[in-house]
Structures are given as structure tokens and as C-alpha cells.
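> Sequence below, structure please.
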Amino acid sequence: MKKIPVKLKKYEEYLRSTEKPANEITFKCGSTLPWESKCGGCPYLEKEEDYPRDGEGKPMMFLAQINLDDMPPLEDFPEHGLLQFYIGDDDYFGGDSDCKVIYIPEYKKDAGALIKENPFENDYMGYTPFSDEGKMEFNPKTMFIGADCREFEEKFKDKVSDSEWDALYHLCYPEGCLVGGYPLFVQQTPPYYDDGKFDVLLLQLDVEDECGIMFGDSGNCVFLISKEDLKNRNFDNVQYEWQCC
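Here you go, the predicted model:
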């Protein structure tokens, strides 16, 4: 159970009511197998023609892959298969184009039957928001309501002392690389999140040293989906956003 500082004990009941499970991601830099959880490298790919392209037919940039069999289970998430994350290949990390999240329910653990190197990595037009390929490892945790949430401000802004506000903000600041839990928006919270339309965090990639992850100037990215779409395994309507300082 996540600890609450003594000075915030008066808010414990509320904070506990907002708890969400999440998986914190750490990385180990190095080459990966096609079906492993990873940042960069080669996605699970049986045929080159399966590689996703944008609306103009240009290959997208492979960002990350989650092997759900290796991740501690989260409510409504598939427990098996692969989730792949692609963004537009441009100088804005796909900020001006659509993302693609692909769910692969069944996969082979047979390197000989799979493409071993990303066929388009050397042709990317833009810079990748990471410097090195790396394998993901997952650690379950719980998170209190994110300090970026409108409800957090409505509950605490100008209603607690300055020292309590600082302690609450620190306790609820949703930094780090995550699946599930609460997202971090470096500049501003988009309305579709505050409105609750996209309320599940599929993936957050935050500033990270091992694989050199960074979006812009100390920025991060988030992929959000609605609870219903996640339950229905429909990944066609995902919101992707990155922000920086």
C-alpha cells in the first residue's frame, strides 16, 4: 500500500478512493527478441508488408511494443498477446499525424520465422525520441489521482496550505514510464482526458536515461484509450499526445 505522509493523513480517505493500479516500466539497453517488450528495435513482424503505414502510404516509426504475457495484469487489459505502438515519421514525433496501436492476440516465439531487423529504421525521416533499443521490465504499483487531473485542482487548489499543496503535488505527480495509472501532461491537460472520454493510459514514455527517451525538451508522450474500446479490444481510436517544456 502506498504510504501517505503524516501531514496529509487528513486527506487519506479521499486519496485512497482515487487509487489506480499501474505498471511502472524500466529499461535495459540492448538488443531484443522480436516478441519481447521493448522500446525501439524491430517489432514483431512476420512479413514486411504487414508493417503499418500512414495515410500517405509512408512507413510509420516503430516506438514500442508490450508483451502482455510478461506484464502483471491490469483490469480490462488483454492478458495475452502483443501491443505495438507506431507514430508518424516526421520531425514532430508524429504530432501532426495519426498514431497506430496494433494488437496481436497470437504470436510465434520462433525467430527463424520472423523478420529480425526493422526494415525501415534506417529510412526514418525524423529523429527517434530515444537513442537506444531496450527491453522493458514491469513493476506493479498503485497511484493516487494525478496532479494534472481537473479533479485534483478542484479538490485542493487554494483550499489547502502552501506546504500541503506542495506535498500533495509531489505525492500525486504521475511521472515515469507507465502502463495504466494516471498520465502526466507536461504543459496542459487535453479536454478529451478531463472529459473522461479517453480515461485509460495505454502507455506513457517519460524522460529516461537508459535508452535516452525524451520528446522534445524534457517532454513525454501518452497513448490514451476509452475503457469501452479497451474492453472490446478496439485499438482504432487511440489518442496520442506528446508535450515538452
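
> ok, what's across the strand from the residue nearest to the spatial centre of the chain?
By Cα atoms, centre = their mean, the mean C-alpha position of the chain lies nearest to L203, the distance being 1.6 Å. In this entry, L203 is beta-bridged to F223, by DSSP bridges.

> Tell me, what's the model's pLDDT at it?
Listed pLDDT for L203 reads 98.

> Repeat that for G57.
Confidence score, pLDDT, at G57: 92.

> How is it classified with respect to secondary structure?
Counting by DSSP: H, G, I helix; E, B strand; the rest coil, the backbone at G57 sits in coil.

> Could you report the neighbour count for it?
6 (other Cβ atoms under 10 Å). All C-beta spots, glycine's among them, are computed from the backbone N, C-alpha and C.

> heads up, I number from 58, so please use that
Sure, I'll start counting at 58 from here, so that last one is G114.

> Distance of it relative to S283?
G114 sits 28 Å away from S283, going by Cβ to Cβ, to the nearest Å.

> which residues are in contact with the longest helix seen in the chain?
Looking across the chain with DSSP state H, the single longest helix is helix 219-229. Residues outside helix 219-229 that contact it (Cβ atoms under 8 Å, 6 or more residues apart in numbering) are 61-62, 64-65, 68, 72, 200-204, 209, 213-214, 217, 239.

> ok, then the element right after that helix?
strand 235-237 (DSSP states H and E).

> Tell me the first helix or strand C-terminal of that following strand.
By DSSP H and E, the next helix or strand past strand 235-237 is helix 248-251.

> how far out from the middle of the chain is that following helix?
17 Å (Cα atoms, centre = their mean, to the nearest Å).

> Let me see the mean pLDDT of it.
Rounded mean pLDDT across helix 248-251 is 86.

> Would you map the strands across this structure?
77-86, 95-96, 118-124, 139-144, 157-161, 191-200, 235-237, 257-262, 277-282, 296-300 (DSSP state E).

> Compute the inter-axis angle for the fourth one and strand 257-262.
Going back to what we said before, that points to strand 139-144. Calculated by axes from the mean of the first three to the mean of the last three Cα atoms, to 10 degrees, strand 139-144 forms an angle of 60 degrees with strand 257-262.

> Packing partners of strand 139-144?
Applying 3 or more Cβ pairs under 8 Å, 6 or more residues apart in numbering; DSSP states H and E, one finds that strand 139-144 makes contact with strand 118-124, strand 157-161, strand 257-262.

> for those, which one sits closest to N80?
Across these, N80 has its closest neighbour in strand 118-124 (9.1 Å, Cβ to Cβ).

> Please save the CA atoms from that closest one in PDB.
In PDB, the C-alpha atoms belonging to strand 118-124 read as follows (Å, rounded to 0.1, in the frame of the first residue of the first chain):
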ATOM      1  CA  MET A 118       8.100   5.000 -36.900                       C
ATOM      2  CA  PHE A 119       8.100   2.000 -34.500                       C
ATOM      3  CA  LEU A 120       8.100   3.300 -31.000                       C
ATOM      4  CA  ALA A 121       7.400   0.500 -28.500                       C
ATOM      5  CA  GLN A 122       5.900  -3.000 -28.000                       C
ATOM      6  CA  ILE A 123       4.400  -4.600 -24.900                       C
ATOM      7  CA  ASN A 124       4.300  -8.400 -24.500                       C
END
